[in-house]
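In: no FASTA, just this:
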């Protein structure tokens, strides 16, 4: 690769799989929004953002909770779906859609998951 050869000494190069696509991201948020409207978890309603953390943890992504600045609550850390590869996002979407089917969540946009 010419770009790598032309990089200044000491430059770090990281090769990673292609990032998740915008259609995949849109599909994930559509599913999470439907879940937030239709389901409770442990007797509580959760936002789409909270459901995302729940599903990413279920798929084996690391979850840490750090205290807020005022110490009154905890904040999830390490759950960025933007860091997922296309394959990882496909696995997450498959898991979410399967969970929806098993738990009676009606997904109004039934198009196939994005590539």
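Out: That came through fine. If you're wondering where the values come from, they're calculated on a predicted model, not measured in any experiment.
In: low-confidence ranges, this protein, go.
Out: In the prediction, the chain carries residues with pLDDT under 70 at positions 1, 78-79, 109-115.
In: at 80 instead, please
Out: Where the chain drops to pLDDT under 80, the residues are 1, 3-4, 13-15, 62-63, 76-80, 109-115.
In: can you tell me the centre-most residue of it?
Out: Centroid-nearest residue in the chain, with Cα atoms, centre = their mean: residue 81, separated by 3.6 Å.
In: now that one: how far from residue 12?
Out: 24 Å (Cβ to Cβ, to the nearest Å). Bear in mind the C-beta positions are built from the backbone N, C-alpha and C, glycine included.
In: swap in residue 72?
Out: Counting by Cβ to Cβ, the gap from residue 72 to residue 12 is 39 Å.
In: now swap in residue 94 and tell me
Out: 33 Å.
In: give me the more crowded residue out of the two.
Out: residue 94 (12 against 5; other Cβ atoms under 10 Å).
In: fine, thanks again, bye for now.
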